[in-house]
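S.K.: Here you go, sequence then predicted model.
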Protein chains: 4
Amino acid sequence: MTFNSIGKNFSFTTWGESHGKAIGCVVDGVPSKIKLSEKDIQPYLDKRRPGQSKFTTQRKEKDQIKILSGVFQGYTTGHPISMIIFNKDQKSKDYSSIKNKFRPGHADYTYWLKYGIHDYRGGGRSSARETAMRVAAGAIARKVIHYKINKKFEIKGALIQIGNDKINYKLWNNKYIEKNEFFSPDKSIIPRWRKAINDARKNGSSLGAIIEIRCKGIPAGLGEPIYDKIEADLGKAIMSINAVKGFEVGDGFNSVLNFGEENVDEMRVKNGKPIFLSNHAGGIMGGITNGQELILRFCVKPTSSILKKRRTINKKMQNTYISTKGRHDPCVGIRAVPVGEAMVATTLADHCLRFL
Amino acid sequence: MTFNSIGKNFSFTTWGESHGKAIGCVVDGVPSKIKLSEKDIQPYLDKRRPGQSKFTTQRKEKDQIKILSGVFQGYTTGHPISMIIFNKDQKSKDYSSIKNKFRPGHADYTYWLKYGIHDYRGGGRSSARETAMRVAAGAIARKVIHYKINKKFEIKGALIQIGNDKINYKLWNNKYIEKNEFFSPDKSIIPRWRKAINDARKNGSSLGAIIEIRCKGIPAGLGEPIYDKIEADLGKAIMSINAVKGFEVGDGFNSVLNFGEENVDEMRVKNGKPIFLSNHAGGIMGGITNGQELILRFCVKPTSSILKKRRTINKKMQNTYISTKGRHDPCVGIRAVPVGEAMVATTLADHCLRFL
Amino acid sequence: MTFNSIGKNFSFTTWGESHGKAIGCVVDGVPSKIKLSEKDIQPYLDKRRPGQSKFTTQRKEKDQIKILSGVFQGYTTGHPISMIIFNKDQKSKDYSSIKNKFRPGHADYTYWLKYGIHDYRGGGRSSARETAMRVAAGAIARKVIHYKINKKFEIKGALIQIGNDKINYKLWNNKYIEKNEFFSPDKSIIPRWRKAINDARKNGSSLGAIIEIRCKGIPAGLGEPIYDKIEADLGKAIMSINAVKGFEVGDGFNSVLNFGEENVDEMRVKNGKPIFLSNHAGGIMGGITNGQELILRFCVKPTSSILKKRRTINKKMQNTYISTKGRHDPCVGIRAVPVGEAMVATTLADHCLRFL
Amino acid sequence: MTFNSIGKNFSFTTWGESHGKAIGCVVDGVPSKIKLSEKDIQPYLDKRRPGQSKFTTQRKEKDQIKILSGVFQGYTTGHPISMIIFNKDQKSKDYSSIKNKFRPGHADYTYWLKYGIHDYRGGGRSSARETAMRVAAGAIARKVIHYKINKKFEIKGALIQIGNDKINYKLWNNKYIEKNEFFSPDKSIIPRWRKAINDARKNGSSLGAIIEIRCKGIPAGLGEPIYDKIEADLGKAIMSINAVKGFEVGDGFNSVLNFGEENVDEMRVKNGKPIFLSNHAGGIMGGITNGQELILRFCVKPTSSILKKRRTINKKMQNTYISTKGRHDPCVGIRAVPVGEAMVATTLADHCLRFL
């Protein structure tokens, strides 16, 4: 019942509120003797950091990570790694006008019901600011996977759809992903997405998105047969990200459109080694990785923090209206890319440490 | 690392192989003083039971459940409830011709890699036979929810799509669901689904399906903010079911098509109580139930156990072909309805026991 | 919150009541490819079995163990191992006269308070009968330790004190332990213990005991620094045995009588390898095994099920008297020897599976 | 496998090394709406703080606690409470002369074996400095128990033995405990203990101690029948404290000296309520509290950090000698009193949150 922890062998616990003094996490289960410093972590945080382009929130946070424990003379010690980011640019005043109103689509109402107390400043604990620490934990998870499986592996997320506009899979270019503000693998879609987001912002609206994550170099054998199937643990990890409403692996919901004989991934032997002739399964069979590329997708709803006036109620049980004026992402799906990657990394690290 | 257990407060552990002596489960965390007998459990097993219509596997199992512990004089004692079903109709011979081949799309290959040993009879532990015990645990979970929240609640699953043929939501009839062999809420689709499944069977093929589950009467406040969000725990529970490749809550992947202002569920006060004007969120806000109907969906791929010949390899790393002749479901999605309901029930019972 | 489970990597769950249909357990986390059959387990159960000498309870139970899952063609599969013992010699009538009275020193009163329902037949779930399944799990744990550390190891328990009569350590003879009904390592004490127990039985009384367990061949490195120290996990495992009131490792409470310089175990290098010049620590430093013999002790109170009339109350809150006439052990400490060994074995197996 | 966490419902995770930047902990599971500030925590830390008298280590640490999250406007929010203490008086140089030697009786050797890396500065993670954060978590646990059981309760630890000199139980005075530097309940023993510790210090030696903890006002019903018995969880919590070698509840090891009829706590009805005529059981029956005073004891070995020269080896596997010159407690048992209280508090809070 550690509500703020995830993972069994590689596990981490996050803490902190959007407008509190700091946010942080404690990563446990990291093997000793892994080279680690803040420099291994900061680049992932920089990918997620707010205030980088006009397509994300204007809150300015350097998100500078500090390691407080678990590293000695540049190497992990096998003991818990505590990390902290001090909050800098909290503008709690932005929230004073709405502190007694429930923002529809947000956690305000359910937190208030459950806890009878609610830190209204930026959503308090429910803020996506918590995901910064997921990204920090994910950076360490990558080091663990690298150390344990001792070969090149890659976890790569990309944005494949904003609103109703989907990329052209044929134009997928892995190298292009890091070179645009959307993590799009398809260069041709950029102008259209820019316009869509600008329009949404002007209209005080927001847009949803779909993210696809692909992992290469992941060994066969990760995952446990029944309840800790790798897709079950990935599903939990991804569904726990703010605003995510759906998750799928391999062909996912589209697999329903296939006949059985189309959907199985046939096998052959090539150069003495087993190969698969397709990858409808997304690299998972019976809950266990099969050595193929691991493929998963998830969707992020359009954020509920919008300028457009909406009907809601307040704590006195009165009808009212709300217009959220804070600094918000018109499409949170963009910054969900590094967060999704991080949750995949931590889940895989957890399974890597089980028996490998 | 109890790989065969799920749940924190309401938890259960299953054991047993498809063609072993018996299958069983142990349910822990059930409060005392709940009236319970086999009669409360058997009807749910009967819904899932194989051999009931020509649209499911022809294996004949009565699936008669026995309670071995945890009940005294008709009431639960607060101690673990052990249940058992003895296997009757194992035809292990059916599998001898394929015992050295990996059935593509199945766990054969990954289990063999992971364990170096594989019970080929009916898939051993990877068989969907394990889900019978999920259904048994789910029946007890329903009693727990009933006992703890002390009011009418309902968990109702329905098949909404087979292959590419989806129901008409406007024709949804709750009462009709129990009256047809497909758990369809839409009477008009039955003839078409019958034909589709018959065709698939004749062609040695199989079909995928989508299931929708709706829960009424679930209280607000279930779920924990960060990693134990109710949708994360439901996602894990559902994704752990054999052959499931995708999961979504509320509008799910379709929420991406909405603008932010369309997607939020506005609130009003009616008769002094808060109401929502829509339910795009599927009854969940910030990881916590909001008192609205809980809605989720998942897809089941077309089963990989098909008669149609497929390319595969054997344990000697040789190319070969396979045609699975055992008794199989042409559309496992049908029997996934009671299994999905059960996993929702156990997850909700788990959260009901956290603090309510 | 799985109240009836213990262990993280090697874990087991027990179920069943003293006078129910059966008792059982499910062992999870066992690696595949370990040779295993009932013959590996039965001898340990036979050591614990009631009705073997006049110094233990006269209840006759063959305690014949059956494996129901997790073993295929004589080898473990990596899947849960379910075991069952059907109860044979329940004499529930023995308990009818006391069914409304609380036996002082027993769980009757606290179970009744906690659950509002109480299976009075032989103590129901609180009966030491549950420990049979600990012994079964312990037998599998020994196989796991053997398999993982791949060398000779030994877990050996002995009775070192009954009432106020303690063995002479100088007469300790490991081989003698298995050859007497008390698991005593000291032959000279047997006549005195026989008389003491016979006297206690005649007087309708009972006696306490102290058990010492020594483990050879356990590798260095088992245990985790902070909360999962090996002595903490052993302490929990041992303290969870019925009637145990104290636990210590190495010199235990007597270490308080030493000065610091006497109590440290000095080290030297011998033949290029580190050796210790003493073993006050009982083989544990900083929560981690150091490769020396692991030594621990625990005490078992005199059983509360005695013939001698005692004052108590009944469920109607009336004063009354009680005299427990069932078949009971005059010194439960004797049968606690194999149970203690089993709990040590399961704890060590759990830690062996963590990273070795 | 969260090695640095303990507890299920009320749980906490600690991090930090003796000579690192800071130490800290994250407490999870605390209900919302409990008044909490640093002022509720600091007094307990002050009790444990080093450098307070010449009978404890001379390291000067203010141990000033800061709350970083989980509290809003003076009340807990239901979210994780992160606390931090920045280290001030690390004198890592003290350790440079011994950095390649294994201090006998310490974790140096086993950590080095297990991790292949060892923070020699003050023992790194194995230092008793970690216990400061247990005390901080314990202070919050007390608030939780107070809030949940809504009545006066008391957890009171006392030192009852140093070396071979035990208090006179007849002179026990609860009020005196807080008024002396030893937490002794017996005023008459103080001069003797002072002399004993002074002598030990002069001799470069150290002394062991026994601590007794008594809890009043704890409700009946805490604890779970089988593996989470309250004495099992207390045992684990206490045995996880540095230097603890033994644990017992109620009469503990002395219960072996009683006959069964002496050892049971008889019951009567007084003013319509059940009372017990004695408390040999220490307030626990069948693993569950019975409403009587909870009594437990544990021993702390004489610290291994002593000035007296001892034989040991170094990392090059050479014989050498060691004399530990750092600032150390001649009797760590004294400062173990508030730590033991804290572990009892966190364990009871954990069980209080299970169902009450």
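M.R.: Sure thing, it's come through. As the structure is a computational prediction, the values presented were derived from the model and not from experiment.
S.K.: residues touching A:S69, list them.
M.R.: Counting by C-beta atoms under 8 Å, 6 or more residues apart in numbering or on different chains, A:S69 touches A:H79, A:P80, A:I81, A:S82, D:W15, D:G16, D:E17, D:G20, D:K21, D:A22, D:I23, D:G24. The C-beta positions use only the backbone N, C-alpha and C, and glycine is treated the same way.
S.K.: Distance check, it against chain B.
M.R.: Distance from A:S69 to chain B, counting by C-beta to the nearest C-beta, to the nearest Å: 22 Å.
S.K.: Point me to the helix or strand that includes that residue.
M.R.: Using DSSP states H and E, A:S69 sits within no helix or strand.
S.K.: swap in A:K114?
M.R.: helix A:108-115.
S.K.: That helix vs chain D: in contact?
M.R.: Yes. Judged by C-beta under 8 Å from any C-beta of the partner chain, helix A:108-115 comes into contact with chain D through A:K114, A:Y115.
S.K.: Now do that helix: which elements does it pack against?
M.R.: strand B:288-289 (3 or more C-beta pairs under 8 Å, 6 or more residues apart in numbering or on different chains; DSSP states H and E).
S.K.: What is the end-to-end distance of stretch A:317-334?
M.R.: One end of stretch A:317-334 sits 35 Å from the other (C-alpha to C-alpha, to the nearest Å).
S.K.: ok, and for it, which residues are buried?
M.R.: Under the neighbour-count criterion of 16 or more other C-beta atoms under 10 Å in any protein chain shown, stretch A:317-334 has A:T320, A:I322, A:T324, A:G326, A:R327, A:H328, A:D329, A:P330, A:C331, A:V332, A:G333, A:I334 buried.
S.K.: In PyMOL, how would I select the buried members of the contacts of A:S69?
M.R.: In PyMOL syntax, the buried subset of the contacts of A:S69 is picked out as below (16+ other C-beta under 10 Å):
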select buried, (chain A and resi 79+80+81+82) or (chain D and resi 15+16+17+20+21+22+23+24)
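S.K.: Please go through the contacts of A:S69 and note which also touch chain B.
M.R.: Okay, of the contacts of A:S69, nothing touches chain B (C-beta under 8 Å from any C-beta).
S.K.: ok, the contacts of A:S69 vs B:K308, which is closest?
M.R.: A:I81 (51.6 Å; C-beta to C-beta).
S.K.: Can you read off the pLDDT for that closest one?
M.R.: Reported pLDDT at A:I81 in the predicted model: 98.
S.K.: Show the low-confidence segments of the stretch 51-200 of chain A, by residue range.
M.R.: Across the stretch 51-200 of chain A, residues meeting the criterion (pLDDT under 70) sit at A:51-60, A:90-95, A:150.
S.K.: now do 90
M.R.: Scanning the stretch 51-200 of chain A for pLDDT under 90 picks out A:51-63, A:87-100, A:117-123, A:148-152.
S.K.: the helices in it, which residues?
M.R.: A:108-115, A:131-149, A:190-202 (DSSP state H, counting those that start in this stretch).
S.K.: quick one, which of the ones you listed is nearest to D:F276?
M.R.: With C-beta to C-beta as the measure, helix A:108-115 is the member of the helices of the stretch 51-200 of chain A nearest D:F276 (39.3 Å).
S.K.: related to what we said a few turns ago, any chance of a markdown table for the helices of the stretch 51-200 of chain A, columns distance to C:P104 and mean neighbour count?
M.R.: Listed next are the helices of the stretch 51-200 of chain A as a markdown table, based on distance: least, C-beta to C-beta, whole Å; neighbours: other C-beta atoms under 10 Å in any protein chain shown:
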| stretch | distance to C:P104 | mean neighbour count |
| --- | --- | --- |
| helix A:108-115 | 43 | 23 |
| helix A:131-149 | 52 | 25 |
| helix A:190-202 | 73 | 16 |
